[in-house]
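Q: Predicted model, plus sequence, below.
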Amino acid sequence: MTTKTQTVCRGRPCAFNKEEALGKALELFWRNGYEGTSLSDLTKVMGINKPSLYSAFGNKEQLFLQAIDLYEKRPDAFFYPAMEQKTAYLAVQAMLRGAADRMANADHPQGCVIVQGALSCSEASATVKDALVKRRLEGQQALEKRFEQAQQDGDLPQHVDAANLASYIGTVLQGMCVQANNGASTEDLYAVADMVLQNFPKA
């Protein structure tokens, strides 16, 4: 259930829905990248002025990181929910097919804002890049633990290196993101997912 918050800005009265404004900022960052999005672009899309933006969200960097938090909590998020599947194979299947469904969805910008944001950041935005890389590594570490649990459950062969397998799946997901951003369709990405699944190690 989504909670909508009305934000009242300092100075000139201007009540607005903070979550809706953040969603608009997310889509703009997703489409243009962190550095490709200016404060003027943000205030125009969000329907607020700069003092209101600073009051409600902080600076541009803080706004971007809040937008990333919102991105990871979307109802159609697939990465962490996929790890709740019964087996490692089903978890990876849900993860890859979820990526294919979401990343090539024409209802929003293609690809993944976390991957694309880190790839497009220059040295001037090192803090943002580091934050995005940290999130990706956290996801990879969570997947590694899921594979280790699968080995304990007898679901994944003991000879498999859980860390390497998690890194491999993470690399595939990042590649799918780039392909989606370059115009690959859901069917194209399903083909990639199916090839990975055909070679996935099973007990």
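A: Yep, it's here. Numbering: from 1, shown residues only.

Q: For the closest residue in space to Thr87 that isn't next to it in sequence, give its distance to Phe79.
A: Nearest residue to Thr87 in three dimensions, chain neighbours excluded: Asp155, at 5.1 Å (C-beta to C-beta, 6 or more residues apart in numbering). Heads up, the C-betas are built off the backbone N, CA and C, glycines and all. Computed as C-beta to C-beta, to the nearest Å, the Asp155 to Phe79 distance reads 19 Å.

Q: next one: Glu72
A: From Glu72 to Phe79 the distance is 8 Å (C-beta to C-beta).

Q: Please identify the buried residues of stretch 72-79?
A: 78-79 (16 or more other C-beta atoms under 10 Å).

Q: and the next element down the chain from the longest helix that the chain contains?
A: Assignment by DSSP state H gives helix 126-152 as the longest helix of the chain. Toward the C-terminus, helix 126-152 is succeeded by helix 162-181 as the next helix or strand (DSSP states H and E).

Q: Can I get whatever helix or strand comes next after that next one in PDB, CA atoms only?
A: As assigned by DSSP H and E, the chain's next helix or strand after helix 162-181 is helix 186-198. Presented in PDB, the C-alpha positions along helix 186-198 are these (Å, rounded to 0.1, in the frame of the first residue of the first chain):
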ATOM      1  CA  THR A 186      11.700  -8.800 -24.300                       C
ATOM      2  CA  GLU A 187      11.900 -11.800 -26.600                       C
ATOM      3  CA  ASP A 188      15.500 -11.000 -27.300                       C
ATOM      4  CA  LEU A 189      16.300 -11.000 -23.600                       C
ATOM      5  CA  TYR A 190      14.300 -14.100 -23.000                       C
ATOM      6  CA  ALA A 191      16.600 -15.900 -25.400                       C
ATOM      7  CA  VAL A 192      19.600 -14.800 -23.400                       C
ATOM      8  CA  ALA A 193      17.900 -15.900 -20.200                       C
ATOM      9  CA  ASP A 194      17.100 -19.300 -21.700                       C
ATOM     10  CA  MET A 195      20.700 -19.900 -22.800                       C
ATOM     11  CA  VAL A 196      21.900 -19.200 -19.200                       C
ATOM     12  CA  LEU A 197      19.300 -21.500 -17.700                       C
ATOM     13  CA  GLN A 198      20.200 -24.300 -20.100                       C
END
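
Q: Great, nothing more from me.
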